[in-house]
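Peer 1: after the sequence you'll find the predicted model.
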Amino acid sequence: RAHLKARAVHEATGLAAIAESTMVYVEATAQKPASERVFVESDESCIEALIGRARPVSEEGREVVFVTETAFVSDKLALHGYGELR
């Protein structure tokens, strides 16, 4: 998502752009499809709500995954970084 944001800002303004996208999610189980997104925002209240929603049905060993992506786009260069912490 970060590269889409940076590219859109660059195309709209003609200026170099930097963008970031961060997401936290709990690994899916058979009870909930992995493609279902509960929250898109990354503020602390949403993260706490996500953890609270998952806790009652969580099985031992389910992982919480933190994903971050950063992008830079200019006329001459496009850079993209991705990181995942489990």
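Peer 2: Right, received. Where do you want to start?

Peer 1: center of the chain, which residue is that?
Peer 2: Residue closest to the average C-alpha location in the chain (CA atoms, centre = their mean): Met23, at 2.8 Å.

Peer 1: surely that one touches Val64?
Peer 2: No: between Met23 and Val64 there is no contact under CB atoms under 8 Å: 11.2 Å. Where you see a C-beta, it was placed from the backbone N, CA and C, and this is true even at glycine.

Peer 1: what about the helix or strand hosting Ala49, distance to the chain center?
Peer 2: Ala49 belongs to helix 44-54 when elements are defined using DSSP states H and E. Its chain's average C-alpha position is 15 Å from that of helix 44-54, according to CA atoms, centre = their mean, to the nearest Å.

Peer 1: hang on, the earlier thing: what's the distance between the residue nearest to the centre of the chain and Ile51?
Peer 2: Met23 sits at a distance of 14 Å from Ile51 (criterion: CB to CB, to the nearest Å).

Peer 1: also Leu15?
Peer 2: 38 Å.

Peer 1: which one's more surrounded, the two?
Peer 2: Using other CB atoms under 10 Å as the criterion, Leu15 and Ile51 rank with Ile51 on top: 13 against 10.

Peer 1: and the more buried one, how close does it get to Glu63?
Peer 2: In terms of CB to CB, Ile51 sits 12 Å off from Glu63.

Peer 1: any common contacting residues for those two?
Peer 2: Applying CB atoms under 8 Å, 6 or more residues apart in numbering, one finds that Ile51 and Glu63 are jointly contacted by Val26.

Peer 1: what's the lowest-mean-pLDDT helix or strand in the chain packed up against?
Peer 2: The helix or strand of the chain with the lowest confidence, counting by mean pLDDT, DSSP states H and E, is helix 44-54 at a mean of 71. The helices and strands touching helix 44-54, judged by 3 or more CB pairs under 8 Å, 6 or more residues apart in numbering; DSSP states H and E, are strand 17-26.
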